[in-house]
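S.K.: have a look; sequence and predicted model below, questions after that.
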Amino acid sequence: MDIALKIREMIEEEIVKNDYILDTVEYVKEGSIWFLRVIIDKKGIIDVEDCVKVSNIINPILDEKDPIEENYILDVCSKEKGCE
């Protein structure tokens with residue numbers, strides 16, 4: 001199973017419970033660094049606090065299940081503004 005799909009299945013329920021929409025999950029390598037990019041949306045405007053909140057929601061799930069062997073950076077960002 002694709003790692004992005006596996007992670008989506010792990011985190012989507014908790015994200016939705018907190019009134020967010022999980023738009024996209026990507027696991028990509030940029031240069032020598034792996035990124036787990038979680039793109040979220042909601043009704044209204046997404047701000048930095050929303051991204052931090054979702055990051056805090058999914059971090060314990062990822063830590064517990066530990067689905068990725070490599071070191072990576074978790075990047076939670078909005079659908080509107082994209083990831084930087």
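M.R.: Looks like it came in fine. Residues are numbered from 1 along each chain as shown.
S.K.: can you pull the contacts of Met10?
M.R.: Met10 makes contacts with 61-62, 65, 67, as judged by Cβ atoms under 8 Å, 6 or more residues apart in numbering. C-beta here means a position set from N, CA and C on the backbone, and glycine is covered the same way.
S.K.: which among those residues end up buried?
M.R.: With neighbours counted using 16 or more other Cβ atoms under 10 Å, the contacts of Met10 contain these buried positions: Leu62.
S.K.: helices - which of the contacts of Met10 land there?
M.R.: Using DSSP state H, the subset of those located in helices is 61-62, 65.
S.K.: follow-up on the earlier one: among the contacts of Met10, which one sits closest to Val48?
M.R.: Checking those against Val48 with Cβ to Cβ, the nearest one is Leu62 at 20.1 Å.
S.K.: doesn't Arg8 make contact with the closest one?
M.R.: No - between Leu62 and Arg8 there is no contact under Cβ atoms under 8 Å: 11.9 Å.
S.K.: so what's the residue nearest to the spatial centre of the chain bridging to?
M.R.: Geometric centre of the chain, nearest residue: Val38, 2.6 Å, by Cα atoms, centre = their mean. For Val38, the beta-bridge partners are Val25, Val76 (DSSP bridges).
S.K.: which residues touch it?
M.R.: Val38 is in contact with 11, 22, 24-25, 54-55, 58, 74-77, counting by Cβ under 8 Å, 6+ apart.
S.K.: and it, how far is that from Asp63?
M.R.: 15 Å (Cβ to Cβ, to the nearest Å).
S.K.: which SS class is the residue nearest to Ile57 when sequence neighbours are not counted?
M.R.: Once flanking residues are discounted, Ile57 sits nearest to Glu14: 5.3 Å by Cβ to Cβ, 6 or more residues apart in numbering. What DSSP: H, G, I helix; E, B strand; the rest coil gives for Glu14 is helix.
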